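1. Build me a model:
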Amino acid sequence: MKPSTKRVLSIGLSGLFLIAVLIVYGNFIRPELVRIDKKRAAVLSKEALFNNQKTAVLGVQKLISQFQSVSRLQETVSLAMPLDENVTQALNQLQAIGKNSQASVVSFAINPLSFEPTREPLVKRLGVLETDLVLQGSYESLKSFLKYLETNVRVANVKNFRIGPGSSQSQDFYSLVLKAEMYYQE
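-> Predicted structure coming up:
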């Protein structure tokens, strides 16, 4: 065969291969690429949905933990300012403070006062238990009673006090007349 015929045949054969490749690409490869693109889009959308749901779950868990800490905060606030008068608890605390400070409680009186007005509609009003106490003991024990009363769990405010000589013949024996307010929530 002549070289020119070989060239024409090789060009024709190359053209046939090119047409065959285009037919194979158009009929087999291109539809598969479209299907692969659809599957990739589905995977990406499912991944995005999963990430969104994961973020939402983490947000809900964070809110739950914040609400749990709020309930713990409410419990702590309820210890400092109970939700009702709870006079028995107040008396027990005063008695315990007296024991710890080695001051003896001679007499006490508790008078619940009216609620303090508030301008905020959602804020709970404060109630006041006015306590009148008479204590006896050494100067150090009376001083530590006042210190323990200030640092007690339940919020208390000493309104006034008067210290004087006690009924004993001992020089280090005093009497303390105390007026304090203990608070609670409505």
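
2. Okay, now the unreliable bits of the protein?
-> Under the criterion pLDDT under 70, the flagged ranges of the chain are 70-71, 73-74, 76-77, 79, 122-123, 168-170.

3. Only the buried residues of stretch 165-174, if you could.
-> Going by neighbour count (16 or more other CB atoms under 10 Å), the buried part of stretch 165-174 is Gly166, Phe173, Tyr174. In this view, the C-beta of every residue, glycine as well, is placed from N, C-alpha and C.

4. Which ones among those lie within strands?
-> Residues of the buried residues of stretch 165-174 located in strands (DSSP state E): Tyr174.

5. Kindly provide the distance from the residue nearest the centre of the chain to Lys159.
-> In the chain, the residue lying closest to the centroid (CA atoms, centre = their mean) is Ser69, at 2.6 Å. For Ser69, the distance to Lys159 equals 34 Å [CB to CB, to the nearest Å].

6. rewinding a little: which of the buried residues of stretch 165-174 sits closest to Gln185?
-> Tyr174 (35.1 Å; CB to CB).

7. What sits closest to the closest one if chain neighbours are left out?
-> Gly166 (5.1 Å; CB to CB, 6 or more residues apart in numbering).

8. what's the answer for Val177, then?
-> In space, and not counting its chain neighbours, Val177 is closest to Arg162: 4.7 Å by CB to CB, 6+ apart.

9. In three-state terms, label that neighbour for me.
-> strand (DSSP: H, G, I helix; E, B strand; the rest coil).

10. close enough to count as contact, it and Leu142?
-> No. Arg162 is beyond contact range of Leu142, at 11.2 Å (criterion: CB atoms under 8 Å).

11. Spell out which residues are contacts of both of those two.
-> Residues touching both Arg162 and Leu142 (CB atoms under 8 Å, 6 or more residues apart in numbering) are Leu176.

12. Next up, the contacts around the residue nearest to Tyr174.
-> Residues near Gly166 by CB under 8 Å, 6+ apart: Gln136, Gly137, Phe173, Tyr174, Ser175.

13. Please repeat the previous calculation with a cut-off of 10 Å.
-> Val106, Leu135, Gln136, Gly137, Ser138, Leu142, Asp172, Phe173, Tyr174, Ser175, Leu176 (CB atoms under 10 Å, 6 or more residues apart in numbering).

14. now Ser144: how far from Ser114?
-> Ser144 is 33 Å from Ser114, where distance means CB to CB.

15. more crowded one of the two?
-> Neighbours per residue, other CB atoms under 10 Å: of Ser144 and Ser114, the larger number sits with Ser144, 17 against 8.

16. which residue sits closest to Thr118, ignoring its sequence neighbours?
-> Thr118 sits nearest to Arg125 (CB to CB, 6+ apart), 5.2 Å away.
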